[in-house]
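# need a 3D model of the sequence below.
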Amino acid sequence: MTTNPTPPARAGRREWTALGVLMLPLLLVSMDVSVLYFAIPAISADLEPSATQQLWIFDSYGFVLAGLLMTMGSLGDRIGRRRLLLFGAAAFGTASLVAAYANSAETLIAARAVLGIGGATLMPSTMALVRTMFTDPSQRTKAIGLWSGVMTAGIALGSVMSGVLVEHFWWGSVFLVNLPAMALLLALGPFLLPESRNPHPGRFDLLSVPLSMAAVLPVIYGLKELASQGWDVRYAMSVTAGLLFAALFVYRQRTAVSPLISPELFRTPGFSPAVVLNLVAAFGMMGSAYFTTQYIQSVLDKSPLEAALWSLLPSVPIGLAAVAGAQLVRRGVPRAHVVAGGFAVTACGYVLLALAGTDSLWLLLAACAVLACGVVTAMSQVADLALSSAPVEKAGAASSLLETGTEFGGALSMAFLGSIGAAVYRHEIPASAPAPARETLGGALAVAEQLPGRAGDALATAAREAFTSGMHAAAITGAVLLAGAAAAATVLLRRVPEQENAGRADQLSPSGV
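Model prediction:
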């Protein structure tokens with residue numbers, strides 16, 4: 001005689017309160033990606049960094065974060081996700097304090113690097129703890145939807161907060177806002193958050209750590225530079241070197257006795273498609289941001305703070321989209337259809353973006369809102385699928401793979417769509433324009449300010465029209481790719497078990513809690 005398995009326990013007030021506490025560090029980590037956008041002029045005036053130092057002030061955080069995600073996710077599975085989270089919160093808070101009062105560019109760069117280390121511990125740990133606390137599939141879907149919405153909104157909020165704080169306080173205030181949230185996490189985390197780890201993790205594979213960083217960092221660096229600087233053999237070689245190290249990393253994971261990332265994760269039904277589709281969702285999210293931020297500020301001629309405030313408006317419906325996607329799955333709509341629908345909505349957002357002229361603020365904002373809602377709907381569902389598919393003892397590694405895929409997707413999007421936009425811009429700009437004007441919109445506007453009367457106005461108008469044409473071409477490309485992703489999601493996910501069976505990993509795998 002067979003017996004029905006015991007249904008997973010439902011989360012109560014304690015778990016939902018703990019989720020609220022976890023959202024604070026997640027919000028701040030995602031905000032730190034963009035928090036320096038408006039603070040850098042004040043930092044430059046105060047610390048007088050060189051051009052190279054200024055780049056590293058921007059990039060050290062993101063590079064360290066991306067390079068250590070897989071290491072920290074695996075480490076959390078071994079030593080405990082709550083322990084690693086609290087360690088990361090302490091490091092993040094301390095580095096924020098040092099950054100706020102840095103008296104040299106070198107100190108600020110070092111503090112930003114430590115912030116990246118802290119961020120690399122916080123992001124996979126928060127997602128893995130959500131997987132641990134919410135064992136009921138429907139509740140976990142809603143919790144991960146909220147997680148995805150907060151992470152996406154934080155990127156938009158960071159630049160706005162930066163502009164507001166720098167306008168009223170000194171530049172170090174953009175770092176001090178991290179301290180209350182980290183202090184709250186350190187105070188409440190030990191009481192609200194459960195400890196969980198892999199009960200049989202094996203030895204930590206030290207060789208995989210530098211291999212993972214060598215695989216991730218050159219690719220992201222090369223793609224980022226290709227997007228901002230254009231084609232250069234050095235950046236192509238950087239991407240190639242990263243891919244070679246990625247092959248070595250994969251070989252190491254397949255042959256090591258105790259790998260950093262277990263190959264068994266990819267043999268779990270649904271996990272591999274979820275990681276791939278999450279990367280595509282990140283591609284859709286970051287590709288639009290590359291153009292819309294420049295459009296609002298340079299085409300519509302808004303001030304930096306005005307541009308940041310307008311950019312925040314489309315993020316308002318993001319949280320509702322994530323919850324709506326979770327409700328559809330809960331009511332029995334197949335997850336494959338919800339994810340495909342999210343990608344289709346994202347494609348529609350790109351279509352609206354392709355219709356924006358040189359004076360279409362509200363159409364652009366509508367396009368961004370539609371696009372963001374589609375991305376978050378798809379991203380929250382594939383994240384839930386990946387974590388539901390992965391055994392609880394490997395939740396940290398699974399979360400880190402999702403986050404690393406997000407970094408790759410964003411970098412690839414800016415490089416690919418950015419290259420399309422740049423090519424169209426160079427084709428459309430008059431051949432008689434000065435060399436700096438033929439490279440970028442910012443260069444054209446700078447040259448136009450130095451030209452007398454109608455000549456300057458004509459160059460600025462031509463540059464804005466050329467940029468908008470480039471944005472249209474990139475948006476049409478994005479719409480086609482995301483429509484293809486919608487069809488691919490339907491095929492890839494149609495045989496993945498639906499939500500009512502997603503909780504089996506909780507019952508079949510030891511939790512180690």
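# can you pull out the helices in the stretch 251-400 of the chain?
271-294, 304-312, 318-330, 335-354, 361-389, 395-428 (DSSP state H, counting those that start in this stretch).
# ok, which of these comes nearest residue 239?
helix 395-428 (8.7 Å; CB to CB). C-beta here means a position set from N, CA and C on the backbone, and glycine is covered the same way.
# could you list the buried residues of the helix or strand following that closest one?
Using DSSP states H and E, the helix or strand that follows helix 395-428 towards the C-terminus is helix 435-439. For helix 435-439, the neighbour count (16 or more other CB atoms under 10 Å) marks 437-439 as buried.
# equivalent analysis for stretch 409-423, please.
409-422.
# likewise for stretch 360-372?
360, 364-372.
# which residues sit against that stretch?
If you take CB atoms under 8 Å, 6 or more residues apart in numbering as the criterion, stretch 360-372 is touched by 152, 284-285, 288, 292, 295-296, 300, 310-311, 313-318, 321, 345-346, 348-350, 352-353, 355-357.
# so what's the residue count around residue 59?
Applying other CB atoms under 10 Å, we find 17 other residues in the vicinity of residue 59.
# likewise for residue 458?
14.
# list the contacts for the residue most central in space within the chain?
In the chain, the centroid-proximal residue (CA atoms, centre = their mean) is residue 406; its distance is 5.1 Å. Contacts here follow CB under 8 Å, 6+ apart; on that basis residue 406 touches 278-279, 282.
# closest to residue 330 out of the buried residues of stretch 409-423?
residue 409 (26.9 Å).
# which residue sits closest to the closest one, ignoring its sequence neighbours?
residue 282 (3.0 Å; CB to CB, 6 or more residues apart in numbering).
# what's the neighbour count on residue 306?
Residue 306 has 14 neighbouring residues, counting by other CB under 10 Å.
# and which of the buried residues of stretch 409-423 is nearest to residue 338?
After measuring these against residue 338 - CB to CB - the closest member comes out as residue 409, at 19.4 Å.
# what does the pLDDT read for the closest one?
If you check residue 409, the pLDDT there is 80.
# so residue 213 versus residue 69, what's the distance?
Distance of residue 213 to residue 69, computed by CB to CB, to the nearest Å: 10 Å.
# neighbour-wise, which of these two wins?
For residue 213 and residue 69, the more surrounded residue by other CB under 10 Å is residue 69, and the numbers stand at 28 against 21.
# how about the contacts made by the more buried one?
Counting by CB under 8 Å, 6+ apart, residue 69 touches 120, 123-124, 216, 400, 403-404, 407.
# what about 7 Å?
Residue 69 is in contact with 120, 123-124, 400, 403-404, counting by CB atoms under 7 Å, 6 or more residues apart in numbering.
# what do you get for residue 295?
Taking CB under 7 Å, 6+ apart, we find residue 295 in contact with 364, 471.
# next: the one 3 residues further on.
Contacts of residue 298 were listed using CB under 7 Å, 6+ apart, and they are 441-442, 445.
# swap the cut-off to 10 Å and go again
Residues counted as contacts of residue 298 (CB atoms under 10 Å, 6 or more residues apart in numbering) are 307, 440-442, 444-445, 460, 463-464, 467.
# taking those one by one, which sit in helices?
307, 441-442, 444-445, 460, 463-464, 467 (DSSP state H).
# make a PyMOL selection of the buried ones in the residues you listed.
Buried residues among the ones in helices among the contacts of residue 298 (16+ other CB under 10 Å), as a PyMOL selection:
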select buried, resi 307+441+444+445+460+463+464+467
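# now the ones in helices among the contacts of residue 298 as a markdown table including pLDDT and distance to residue 64?
Shown next, in a markdown table, are the ones in helices among the contacts of residue 298 (pLDDT from 0 to 100; distance: CB to CB, whole Å):
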| residue | pLDDT | distance to residue 64 |
| --- | --- | --- |
| 307 | 73 | 28 |
| 441 | 75 | 30 |
| 442 | 73 | 28 |
| 444 | 78 | 34 |
| 445 | 78 | 33 |
| 460 | 81 | 39 |
| 463 | 83 | 36 |
| 464 | 85 | 36 |
| 467 | 86 | 32 |
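# where does the stretch 251-400 of the chain dip in pLDDT?
Along the stretch 251-400 of the chain, segments meeting pLDDT under 70 span 304, 319.
# where does pLDDT dip in the stretch 401-513 of the chain?
For the stretch 401-513 of the chain, the ranges with pLDDT under 70 are 496-513.
# same thing but 50
Counting by pLDDT under 50, the ranges of the stretch 401-513 of the chain that qualify are 499-513.
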